[in-house]
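# Quick one: sequence plus predicted model below, questions after.
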Amino acid sequence: MIRSSSQSAHRLAWASYASFAAFGVFWGTWGASIPRIRSQAGISDGQLGTALLFIGAGALPAMLLTGRIIDRFGVRITAAVTLILLGSSGLIVALAATGFASLCFGLLLVGAASGAADVAINSAAGSAEKLAATPVITRSHGMFSAFVVVSSLVAGLSAALGAGTTFSFVLVVAASTIVSGYLLHASPAEVPSAPRRIKAETDDLRHRRGDPASGVPVLAILLVGILGAMAFAGENAHQSWAAVFFEDELGTGAALSSTAPAVFAAVVAITRFSTGGLQPAYAMRTLVLGAAAASVGATILAAAPNVIVALIGLAVAAAGTAVLYPTLLGIVSRSTEDATRGRTTSLLTTISYLGFLLGPVYVGLWSEAAGLRAAMAAIAALCAVLLALTPVLLRIRRKLIDPSPTPPVANTAHHPKQDDDAREHDLAE
């Protein structure tokens, strides 16, 4: 029985890695295809910027809805279907986006499919991590980052060889279908939850947590979501503005400046794989060191006199931000019941995604008001605030989900470091 459980956890972990790889394949291909999609649609840069807002408009409501679908039908089938829908939505854009209106509609579909898939694969990773008792989430996010880099290079190469955008997204659909088939095969079969059973389980959670609405600890998730939003804001701000900073502030050419986002993504991937083995007991320490590194890296970047120093700052910032959201998601996943995993993950993802959307806007406003270097300093300040808030908000969250007083400890001999480790482990649960 123990061996069977271990094998099941191993299969779930690899299914999670494959799902995030497919997610990365889509977004890497998408990023590399934007110039060709813009040309195909015959629109200006301003119209493209407006059209891209429809991704967020589609993603946010889909994220909230997907949680209930997962809790009703199971994470396995939801993740498989949404990954195929995501690849298909990209193919629809490649085939049918021949004007501004059709592009906006296509990006609305992309956003909805992406938001749903995001929640589904993160729920699957959280479930796998809880079952396997190993850090599946961080490694899964590392797979995403790695395949973003790989697929963007492949899409760029195919474009250089004369292949159209449609061909690239046919490959994405094929990859998504293969991964979805593997996900259905590798994950244990789930019985769709009957409404009565869901109601009984959530009623029990409501009773234990004092939450009269849904059995989901909304306020506790909101606190972690605030941290997740700040983490994502810093990450996407660097990813979106690094090339502009290198070109405008350091005077690099377009070819060299375009390597900045690739360096950032590569360091994120390497860091996530390197820290994937850290145990949950080190979650608080990981968050604090990550936020500190993100702040220091952004500060170095803001003051960088040349490209070498700027790349060092960008790499430090990437290493810091890389560990933040996966660690926060892991903290929530470990204390989430299966009956509410979908809704809990969707709420956390939605709140955090707001930061992902607003991060580049935050930099743009600061840049407009005080210049791009000041905007980079503003990212450093945001990460410093994250550093200060993390232990405070996680301590409040812990009290919200477990309001019972801590039982007195017997007066036995122990080392002071044991108290520190126990305190950190409590906050990470």
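Received, thanks. Residues are numbered from 1 along each chain as shown.

# would you list every one of the strands in the stretch 1-150 of the chain?
Assigned by DSSP state E, counting those that start in this stretch, the stretch 1-150 of the chain shows no strands.

# all helices of it, in order?
2-41, 45-73, 75-96, 100-132, 136-160 (DSSP state H, counting those that start in this stretch).

# Columns mean neighbour count and distance to A369 on top of these, output as JSON lines?
All C-beta atoms are positioned from the backbone trio N, CA, C, and that covers glycine. As requested, the helices of the stretch 1-150 of the chain are exported to JSON lines (neighbours: other C-beta atoms under 10 Å; distance: least, C-beta to C-beta, whole Å):
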{"stretch": "helix 2-41", "mean neighbour count": "20", "distance to A369": "27"}
{"stretch": "helix 45-73", "mean neighbour count": "19", "distance to A369": "19"}
{"stretch": "helix 75-96", "mean neighbour count": "23", "distance to A369": "34"}
{"stretch": "helix 100-132", "mean neighbour count": "24", "distance to A369": "29"}
{"stretch": "helix 136-160", "mean neighbour count": "21", "distance to A369": "31"}
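
# Tell me which of the ones you listed lies nearest to A237.
Nearest to A237 among the helices of the stretch 1-150 of the chain is helix 45-73 (15.2 Å), distances taken as C-beta to C-beta.

# now the helices of the stretch 1-150 of the chain as TSV including mean pLDDT and distance to A310?
Shown next, in TSV, are those (pLDDT from 0 to 100; distance: least, C-beta to C-beta, whole Å):
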stretch	mean pLDDT	distance to A310
helix 2-41	83	21
helix 45-73	89	25
helix 75-96	95	33
helix 100-132	92	31
helix 136-160	88	20
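
# In CSV, list these along with distance to L250.
Putting the helices of the stretch 1-150 of the chain into CSV (distance: least, C-beta to C-beta, whole Å) gives the following:
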stretch, distance to L250
helix 2-41, 22
helix 45-73, 22
helix 75-96, 33
helix 100-132, 32
helix 136-160, 22
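
# closest to T166 out of these?
Minimum separation from T166 across the helices of the stretch 1-150 of the chain (C-beta to C-beta) falls at helix 75-96, 4.6 Å.

# At the geometric centre of this protein, which residue sits there?
Nearest to the mean C-alpha position of the chain, by C-alpha atoms, centre = their mean, lies Y325 at 6.3 Å.

# Against A291, how distant is that one?
From Y325 across to A291, the span is 12 Å (C-beta to C-beta, to the nearest Å).

# Which neighbours do these two have in common?
Both Y325 and A291 are in contact with A231, where contact means C-beta atoms under 8 Å, 6 or more residues apart in numbering.

# residues of whatever helix or strand P261 lives in that come out buried?
In the assignment (DSSP states H and E), P261 maps to helix 259-274. For helix 259-274, burial by neighbour count (16 or more other C-beta atoms under 10 Å) applies to 259-261, 263-273.

# Could you list the domains of this structure?
What the record gives for the chain is the domain set 1-186, 211-403+417-429, from automatic domain parsing.

# Could you measure from the residue lying closest to T350 once chain neighbours are set aside over to L357?
Excluding the flanking residues, the one nearest T350 by C-beta to C-beta, 6 or more residues apart in numbering is M63, at 4.3 Å. M63 sits 12 Å away from L357, going by C-beta to C-beta.

# List the contacts of the residue nearest to T299 when sequence neighbours are not counted.
Nearest residue to T299, sequence neighbours excluded (C-beta to C-beta, 6+ apart): A380, at 4.4 Å. Going by C-beta under 8 Å, 6+ apart, A380 touches A294, S295, V296, G297, A298, T299, A302.

# Go through those residues and flag which are in helices.
In this view, the contacts of A380 that belong to helices under DSSP state H are A294, S295, V296, G297, A298, T299, A302.

# which residues does A303 contact?
By C-beta under 8 Å, 6+ apart, the contact set of A303 is R373.

# Over to V363?
Residues counted as contacts of V363 (C-beta under 8 Å, 6+ apart) are A237, S240, W241, L372, A375, M376, A378, I379.

# Which strand or helix spans it?
Element membership for V363, per DSSP H and E: helix 341-370.

# any idea which helix or strand comes after that helix?
Where DSSP H and E defines the elements, the next helix or strand beyond helix 341-370 is helix 372-401.

# List the buried residues for that following helix?
For helix 372-401, a neighbour-count test (16+ other C-beta under 10 Å) marks 372-373, 375-380, 382-384, 386-387, 390, 393-394, 397-398, 400-401 as buried.

# what's the answer for stretch 173-181, then?
The neighbour-count check on stretch 173-181 (16+ other C-beta under 10 Å) flags V173, A175, S176, T177, V179, S180 as buried.

# SS state for the first one?
Secondary structure state of V173, per DSSP: H, G, I helix; E, B strand; the rest coil, is helix.

# Let's see stretch 39-55 as CSV, backbone CA atoms only.
Only the C-alpha atoms of stretch 39-55 are listed here, as CSV (Å, rounded to 0.1, in the frame of the first residue of the first chain):
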residue,chain,number,x,y,z
SER,A,39,1.4,42.4,-38.7
GLN,A,40,-1.3,39.9,-39.7
ALA,A,41,-4.0,42.0,-37.9
GLY,A,42,-2.7,45.2,-39.5
ILE,A,43,-2.8,47.2,-36.3
SER,A,44,-0.7,49.8,-34.7
ASP,A,45,1.4,49.4,-31.4
GLY,A,46,-1.3,51.4,-29.6
GLN,A,47,-4.0,49.1,-30.8
LEU,A,48,-1.9,46.1,-29.9
GLY,A,49,-1.5,47.4,-26.4
THR,A,50,-5.3,47.9,-26.1
ALA,A,51,-6.0,44.4,-27.5
LEU,A,52,-3.6,42.7,-25.0
LEU,A,53,-5.8,44.0,-22.2
PHE,A,54,-8.4,41.5,-23.3
ILE,A,55,-6.2,38.7,-22.0
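
# Give me the residues contacting that stretch.
Residues contacting stretch 39-55 (C-beta under 8 Å, 6+ apart): 34, 38, 94, 97-100, 102-105, 107-108, 110-111, 114, 165.

# how far away is I401 from S352?
Separation of I401 from S352 (C-beta to C-beta): 18 Å.

# likewise Y282?
Distance, Y282 to S352, by C-beta to C-beta: 21 Å.

# ok, those two, which is more surrounded?
Neighbour totals were compared for Y282 and S352, and S352 leads with 26 against 17 (other C-beta atoms under 10 Å).
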